[in-house]
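J.: predicted model follows, preceded by the sequence.
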Amino acid sequence: MQVAVIGAGLSGLLVSHELKKLGLSPVVFEKEPEIPSKTLIIPLFDEVKALAKELSTEIPPLKEQRRCIYKGGRLLSFRASVFSLLTSGIFSLSELFSILKEPFIKPIKDDESVANFVKRRFDSKILESFVEPLILELCLGDVESLSLKFAVRRVYEIEKTSSSVVKGVLGGNLKLPELGFSKDGGLIKSLLRGLSVKFENVVLRVRKKDGEFILEAKDGKHKFSSVVVCTPAWASAYMLRDLSWSACEVLESVFYAPFVLVRATLKLGIPCHSVLFPSSSGFRIKRISVSDFEDGVIYLGGAKEGEILDLSDNEIITLLKSELLRIFGANEIKILAIERYKRAIPQFNLGYDKVLEIVSALESENPGLFIGSRFVFGPSILDSIAGAKEIAKRVFAYLNK
Ligand SMILES: Cc1cc2nc3c(=O)[nH]c(=O)nc-3n(C[C@H](O)[C@H](O)[C@H](O)COP(=O)(O)OP(=O)(O)OC[C@H]3O[C@@H](n4cnc5c(N)ncnc54)[C@H](O)[C@@H]3O)c2cc1C
């Protein structure tokens, strides 16, 4: 057989879709018995709209495009436009002044933390009240540890090309996209259409023999000329241990932010899709998502607060009720489910070059092996779409060399 894709998450399905477009017939191995048909919230970049069109699936915009940020005991809302943001009350006069000064700050060449970048170009207040909450929405990350270059690469590139974030925003090269939603796994189901997926078939090990790859899966051994690994870094490390132990140690060390997700009926009556809570608010709730199609989703924890996973359900409910009362003056909530995610979202922290170098070396030492998961592509779906296209082309070139 020609090509196997391991993992039927969004990355694996995007890679398989691109391989199919090139005339290949990938065999997909998935550990779980099915893909959960959850509703995904997706930024509506042009590339995402094009993908939806290609798959004849709908990713309609959320009815409410406003976000709210908690600041000084108030909830301040804004749409994804410069005017709305500047008039939202999020920025104080001194913060607005630091925005005006930003185009005159000289760019630097090196990578740095997201926190350093914002403090260098703006000030620490903008970091606290605006950038940190947006980072919580993106990846529940720690701004002091995240690498600007890898975690928010479009901002990093804007400093290199326009020499200023403000100039990039005003020139239309950097914007917060509108958000859309793919209901009940619609996007995933369309990607699955026509694919050959072996569900409930975990891959335990990938070995190499006589120039071919042997996959040891639950249903037995399979031979492939090429393999694309689309699983999280720690799962990839376990599977690829026979190919390079030292590379797998680096993959195993990629940090994934943990969080607790509470699904609840929650009628806030606030005109926004997300309420975001900076660390300075002192709340352990990081984000409340209140979109029109589901009851409410509350996120607690994140990169800096892994110990949230140790709380019992009762402790979480008590904590939630107390924080909701302090925030909204009311705490009527009906909990539907409490879900714990130990290693949920990859963190593109400082020094991430080393992980990408190791991935590249692993691929060059094992021709025909490709790693195509979100921890390699980047944090946004835009990165996954671009990464999947590129990997599919490389697989095609390898098989036709
Ligand atoms: C609760 C939650 C909500 C989220 N909501 C959103 C959202 O609204 N919008 C959004 O863009 N992103 C969301 N994400 C992120 C998103 O689900 C994925 O993390 C992201 O799409 C990365 O996908 P991936 O394919 O690289 O990895 P994953 O989604 O982790 O997929 C990897 C797949 O590989 C399988 N697998 C692992 N090991 C093996 C093995 N040994 N053999 C075979 N199969 C294996 C897994 O079962 C899984 O299906 C959410 C994540 C979580 C945890």
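T.: Looks like it arrived, so ask away.
J.: the stretch of helix or strand Pro133 belongs to: what's the following helix or strand?
T.: Counting by DSSP states H and E, the element that carries Pro133 is helix 132-139. Per DSSP H and E, the first helix or strand lying C-terminal to helix 132-139 is helix 148-151.
J.: give me the helices and strands touching that following helix, please.
T.: If contacts are counted by 3 or more Cβ pairs under 8 Å, 6 or more residues apart in numbering; DSSP states H and E, helix 148-151 sits against helix 114-121, helix 132-139, helix 153-162. Backbone N, C-alpha and C define where each C-beta goes, glycine included.
J.: picking up where we left off before, in the helix holding Pro133, what's buried?
T.: Glu132, Pro133, Leu134, Ile135, Leu136, Glu137, Cys139 (16 or more other Cβ atoms under 10 Å).
J.: same thing with stretch 297-315?
T.: Applying 16+ other Cβ under 10 Å to stretch 297-315 flags Val297, Ile298, Tyr299, Leu300, Gly301, Gly302, Ala303, Lys304, Glu305, Ile308, Leu311 as buried.
J.: now the residue in the chain that the ligand sits nearest to: closest residue in space that isn't a chain neighbour?
T.: When scored by Cβ to the nearest ligand atom, the chain has Gly9 as its residue closest to the ligand, at 1.9 Å. Spatial nearest neighbour of Gly9, excluding adjacent residues (Cβ to Cβ, 6 or more residues apart in numbering): Cys230 at 6.4 Å.
J.: and what of Arg74?
T.: Leaving out its chain neighbours, the residue that sits closest to Arg74 by Cβ to Cβ, 6+ apart is Gly89, at 7.7 Å.
J.: correct me if wrong, but that neighbour is in a helix.
T.: No. Secondary structure of Gly89 (DSSP: H, G, I helix; E, B strand; the rest coil): coil, not part of a helix.
J.: contacts for the helix or strand hosting Tyr398?
T.: Per DSSP H and E: Tyr398 is located in helix 381-399. The contact list for helix 381-399 (Cβ atoms under 8 Å, 6 or more residues apart in numbering) reads 2-3, 10-11, 14-15, 17-19, 21-22, 24, 42-43, 45, 47-48, 51, 153, 225-226, 228, 367-368, 370, 372, 374, 376-378.
J.: now it: average pLDDT?
T.: Averaged across helix 381-399, the pLDDT comes to 97.
J.: may I see the buried residues of that helix?
T.: Neighbour counts over helix 381-399 (16+ other Cβ under 10 Å) mark Ile381, Leu382, Asp383, Ser384, Ile385, Gly387, Ala388, Lys389, Ile391, Ala392, Val395, Phe396 as buried.
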